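Peer 1: Predicted model follows, preceded by the sequence.
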Amino acid sequence: MKTYLLADPVRYLRMTTSELRDAFLIGSLCQPGSVQLAYVDLDRAIVGMATPTVQPLVLPTDGALKSDYFTERRELGVLNIGGRGRTTVGDDTYALDNLDCLYIGRGSPKIVFTSESAHSPAIFYLLSYPAHTTFQTTLVQKGRANPTELGSAETSNKRTIYKYVFLDGAKSCQLVMGVTHLHPGSVWNTMPPHTHMRRSEIYMYFNLAPEARVFHLMGPGEETRHIVMQNYDVAVSPGWSIHAGAGTCAYSFCWGMGGENQDYADMDPVPIVGLQ
């Protein structure tokens, strides 16, 4: 499990393109037949992907966690962005279709991922934060994920937001998690942008063709930079950074947050006219 140490807003100003990518970009963790994990020092997040094919995959712990099992002191969000699959938590098995999400509470010693078909495997995107107590493991199917329509075709940002783990959905300690889908013809996400020092945010882009890209915007509003991203890439956003972007076509992304406030609407707006 690779560890990512994020730069502060002072060092950020002097970073080259490659340094920005090394610090804030986690490349695709989707590797068939394996579980791939990355540790981010920011709010001690762990992101990963489990892509079972023929054989089930057990979620491992890692020496860096100093724990007997992965969720000994952690909670976990599991979003299926592939074919139909199953996640087993202890003695309970949950069927996850495409875009279903499973919240797993602290204290689940064994977690196993399985695909229904090796030819169309499930791709389980994983997002985890430390947890101070245990909340109930909860399956949230796409159709029950509180869809909200935002934006417009005129401003090229018409999008549907699905909230899975949040104050009025699956309960958690600090994890907030959902998905945004851009409508055909729209390319801008999270515009106008915002920051929130009370929690960091992680984006995982998907539903991108191999030749498509997203230009992910980051940094303070008066000192923006961009990172060019492809399918399954992950961008880490500290509290002082905006998180927005535009693609070469419509796309989807999973957004996840950890920190001290789970109120989805807790944002500090950054006016578009002030962006530089």
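Peer 2: Received the coordinates, thanks.
Peer 1: which non-adjacent residue is nearest Thr93?
Peer 2: Arg86 (5.4 Å; C-beta to C-beta, 6 or more residues apart in numbering). Yep, even glycine has a C-beta here, placed from its N, CA and C like the rest.
Peer 1: so how far is Phe24 from that neighbour?
Peer 2: Remark: distance between Arg86 and Phe24 (C-beta to C-beta, to the nearest Å) = 33 Å.
Peer 1: and these two? which has more neighbours close in?
Peer 2: Phe24 (25 against 19; other C-beta atoms under 10 Å).
Peer 1: Pretty sure that one sits against Val236.
Peer 2: Yes - here Phe24 reaches Val236: they are 5.3 Å apart, a contact under C-beta atoms under 8 Å.
Peer 1: Name the residues contacting each of those two.
Peer 2: The contact sets of Phe24 and Val236 overlap at Leu6 (C-beta atoms under 8 Å, 6 or more residues apart in numbering).
Peer 1: okay, and for the protein, where does confidence drop off?
Peer 2: Counting by pLDDT under 70, the chain shows no low-confidence range.
Peer 1: how about 80 then?
Peer 2: The chain contains residues with pLDDT under 80 at 261, 264-265.
Peer 1: Show me the longest helix that occurs in it.
Peer 2: Scanning the chain for the longest helix, with DSSP state H as the assignment, gives helix 17-24.
Peer 1: May I have the strands that pair with the strand or helix carrying Phe215, each with its orientation?
Peer 2: In this assignment (DSSP states H and E), Phe215 forms part of strand 214-219. Applying DSSP bridges, strand 214-219 is found paired with strand 225-229 (antiparallel), strand 242-247 (antiparallel).
Peer 1: Redo those as JSON lines? Include distance to Asp92 and mean neighbour count.
Peer 2: What follows is the strands paired with strand 214-219, written out as JSON lines (distance: least, C-beta to C-beta, whole Å; neighbours: other C-beta atoms under 10 Å):
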{"stretch": "strand 225-229", "distance to Asp92": "35", "mean neighbour count": "18"}
{"stretch": "strand 242-247", "distance to Asp92": "34", "mean neighbour count": "23"}
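Peer 1: For Leu5, which of the ones you listed is the nearest?
Peer 2: Relative to Leu5, the nearest member of those by C-beta to C-beta is strand 225-229, separated by 16.9 Å.
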